[in-house]
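**Student:** Next comes the sequence, and after it the predicted model I'd like to discuss.
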Amino acid sequence: MHAVRTIATVGVERIVVAAPPHLVAACNAMLAPVTGDIALTVVAGGTTRRMSVTACLRELGDTDLVLVHDAARPLVPVTVFGRVLAALHAGAEAVVPAIPVTDTVKQVDSARVVRTLERRALYAVQTPQGFTREVLLAAHDASRAAADATDDASLVEALGVAVSVVEGVAEGFKITGSVDLQLAEVMLAHRGT
């Protein structure tokens, strides 16, 4: 609900949400009040990220630009959506927000360090990821037989399409565990939402 509330303020024409099949009606009832006049469709997601995004793409209709956002990133501010959209309007075919990695990162194999990666060139990618509809559809069509990707930009990269990077934000973190959830709850309480 927090993610959709933000998306509804960035000037999109339509919001399509993938939900577990048994929660489609409940999600629609929960989200409809926060979208205002923006068309909302809730579809049954698939067993993988790619399958869920593909299900959403089928519902989009005729549009030039697509933003793919994770509900697990409910605190991404409007400014990040604006950066992604601005890059698309400036001619990029694919755009991701990202922040520099601040931790030392090691490549590990069988519980042993193989090497230390140079972090100056490493970025943590976030959402929303933006694409021209044509490029995103081509990437999803080409990936049907491939192993599932962790983000849509990697599918686009596999096509050889350049992916632009815009500045992400620390509050764009992904809620994957209990500590992340606690942090998000504190931040939402501080915001008063």
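**Tutor:** Thanks, I have it. Residues are numbered from 1 along each chain as shown.

**Student:** In the chain, which residue is most central in space?
**Tutor:** Centrality entry for the chain: nearest residue to the mean C-alpha point is residue 69, 2.8 Å, by CA atoms, centre = their mean.

**Student:** Just the element for residue 96, please.
**Tutor:** strand 94-100 (DSSP states H and E).

**Student:** immediately after that strand, which helix or strand?
**Tutor:** strand 105-109.

**Student:** re earlier: quick one: contacts for the residue nearest to the centre of the chain?
**Tutor:** Counting by CB atoms under 8 Å, 6 or more residues apart in numbering, residue 69 touches 3, 7, 76, 127-129. Bear in mind the C-beta positions are built from the backbone N, C-alpha and C, glycine included.

**Student:** Looking at these, which are in strands?
**Tutor:** The members of the contacts of residue 69 that map onto strands under DSSP state E are residue 129.

**Student:** Save the contacts of residue 69 as JSON lines, and put in distance to residue 149 and neighbour count too.
**Tutor:** Putting the contacts of residue 69 into JSON lines (distance: CB to CB, whole Å; neighbours: other CB atoms under 10 Å) gives the following:
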{"residue": "3", "distance to residue 149": "20", "neighbour count": "21"}
{"residue": "7", "distance to residue 149": "22", "neighbour count": "21"}
{"residue": "76", "distance to residue 149": "20", "neighbour count": "24"}
{"residue": "127", "distance to residue 149": "13", "neighbour count": "25"}
{"residue": "128", "distance to residue 149": "16", "neighbour count": "26"}
{"residue": "129", "distance to residue 149": "11", "neighbour count": "24"}
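
**Student:** Out of the contacts of residue 69, the closest to residue 62 would be?
**Tutor:** residue 7 (19.3 Å; CB to CB).

**Student:** Isn't the closest one up against residue 13?
**Tutor:** No: taking contacts as CB atoms under 8 Å, residue 7 lies outside contact range of residue 13: 11.3 Å.

**Student:** if we can go back for a sec, let's have the contacts of residue 69 in TSV, adding distance to residue 175 and pLDDT.
**Tutor:** Below are these laid out as TSV (distance: CB to CB, whole Å; pLDDT from 0 to 100):
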residue	distance to residue 175	pLDDT
3	10	93
7	17	93
76	12	96
127	12	97
128	16	97
129	17	98
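
**Student:** any chance you could map the helices in the chain?
**Tutor:** Under the criterion DSSP state H, the chain contains helices at 2-7, 24-31, 49-60, 78-89, 133-142, 152-158, 178-191.
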